[in-house]
Structures are given as structure tokens and as C-alpha cells.
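In: Structure of the sequence below:
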Amino acid sequence: MREFYNTIEKEASAEYKDRGSRFIAYAFPISSADDFKKRLKTLKEEHPKAVHHCFAYRIGTDGNNFRAGDDGEPSGSAGKPILGQLDSKDVVNTAVVVVRYFGGTLLGVPGLINAYKTATSLALQMTPIIQKPVLVTYELQFDYTLMNEVMMVVKRFNCAVLVNEMQLFCRMVLGVPKKEESLFVQKLQDAHGIEFIQVKS
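Out: Next comes the predicted model:
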């Protein structure tokens with residue numbers, strides 16, 4: 001399994017024109033399908049006169065969570081070329097929506113494939129691609145008195161705190177960088193009074 005994945009740092013957009021049609025590509029980072037749906041909704045509100053809002057996204061590193069949509073364009077002429085650009089740049093947790101304003105001339109399927117591919121490629125060139133660690137999720141349960149010890153482990157292994165419930169008995173969900181996982185587990189096994197399980201996503 002990979003220890004790192006590539007994603008984009010922030011939203012970027014670019015425009016490509018062909019025979020009067022305008023293709024405006026928006027590339028943006030996402031962590032869930034809901035993130036994507038919210039952004040797609042706002043883009044549709046920002047571009048109410050556009051004829052198509054074609055898209056693709058890929059989430060996670062297992063390769064199973066992706067979607068591509070042609071939004072009324074001929075099948076395979078929009079969503080697939082957009083997804084192809086995400087894959088050629090090897091980025092995940094990334095979505096691209098290409099908004100099309102029709103210019104009166106039909107481009108044909110090869111022309112559409114080229115336009116959606118080019119617009120997507122231009123948008124992805126406008127934003128830095130960054131590396132992030134693949135995180136493995138663990139749930140910890142421990143007595144409040146062990147909080148300092150737990151926080152030292154969190155800092156030492158650069159864990160992301162996803163959930164933190166502080167009572168007399170605490171519960172914490174951590175994202176542990178894949179490359180630190182075995183040392184992290186070893187450290188918790190050596191500590192007394194900390195229960196932990198790996199959470200399957």
C-alpha cells in the first residue's frame with residue numbers, strides 16, 4: 001500500500017475556447033462526495049446559462065471511489081477525458097467540473113474529448129500538486145489521566161486528530177500516517193491503560 005498520495009492544494013480554474021464554445025474548468029480538493037455535490041451546486045448557481053456541467057472526481061487511494069459525468073454531452077466525451085487527466089496527474093481527493101457555454105458550432109465527439117481534456121489539464125496546471133501521507137484510522141479509549149501520554153504519541157507520529165471526546169474516560173479517533181503505523185502500534189502496546197482498535201473505513 002502507498003504511504004503518500006498526491007492531491008491539489010487549492011481551487012484553480014482555467015478556460016479553453018473552441019469554435020465559439022467556452023469550456024471553464026474548475027479543479028478543487030475534496031474529501032467526500034458531499035464536498036463535491038456542494039461545490040457542483042454552487043457552480044451551477046454561478047453559471048445558470050451554461051448548457052453542460054461535466055465532471056469527474058476521485059477520492060481515496062484504493063481506486064474504487066470515483067465518478068465521471070457527461071451531463072448531456074455524448075457518452076464518454078466529457079467525464080472520461082476529465083477523469084483521464086486526474087489519473088494522468090496521479091491526483092486523488094480532487095474533483096474537476098467543466099462548465100460549457102455552447103458557441104453554436106457542434107464540435108463532434110473528438111472535438112469534445114479534446115476540449116474537456118485540455119480545459120482540465122490547464123486547470124490542474126494552475127494549482128500546486130502536494131503530497132500527503134496516507135492515514136490509517138485508529139480509535140483509542142483511555143482514562144483522562146493518560147491524556148498527556150496520548151498527546152505525546154499523537155505529536156511524535158504526526159497523527160491527525162479526527163475525533164476528540166474528553167470526559168473522565170476519553171475517546172479519540174486518529175489518522176496515523178501509514179509509514180508510522182507499526183511504530184505507533186508498538187508504542188501503544190507498551191503503554192498501560194490505552195485501548196485501541198483499527199477502524200476500517
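In: how deep is residue 154 tucked in, by neighbour count?
Out: Using other CB atoms under 10 Å, residue 154 has 18 neighbouring residues. In short, each C-beta sits where N, CA and C put it, glycine included.
In: which ones are touching it?
Out: When the contact criterion is CB atoms under 8 Å, 6 or more residues apart in numbering, the partners of residue 154 are 161, 174.
In: So which bits of stretch 134-141 are buried?
Out: Neighbour counts over stretch 134-141 (16 or more other CB atoms under 10 Å) mark 134, 135, 136, 137, 138, 140 as buried.
In: What is the nearest of these to residue 46?
Out: residue 135 (32.6 Å; CB to CB).
In: one step back: in a markdown table, list the buried residues of stretch 134-141 along with distance to residue 16 and pLDDT.
Out: Output for the buried residues of stretch 134-141, formatted as a markdown table (distance: CB to CB, whole Å; pLDDT from 0 to 100):
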| residue | distance to residue 16 | pLDDT |
| --- | --- | --- |
| 134 | 33 | 93 |
| 135 | 35 | 92 |
| 136 | 39 | 94 |
| 137 | 39 | 95 |
| 138 | 44 | 97 |
| 140 | 49 | 97 |
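In: So which of those are in helices?
Out: Among the buried residues of stretch 134-141, none falls in helices (DSSP state H).
In: Can you list which of the residues you listed are found in strands?
Out: Of the buried residues of stretch 134-141, the ones assigned to strands by DSSP state E are 135, 136, 137, 138, 140.
In: Can you show me the strands along the protein?
Out: Secondary structure of the chain by DSSP E: the strands cover 4-8, 12-18, 21-29, 52-59, 65-69, 94-101, 129-133, 135-143, 160-165, 169-177, 194-198.
In: Next up, the contacts around residue 115.
Out: The contact partners of residue 115, taken as CB under 8 Å, 6+ apart, are 16, 18, 21, 23, 100, 107.
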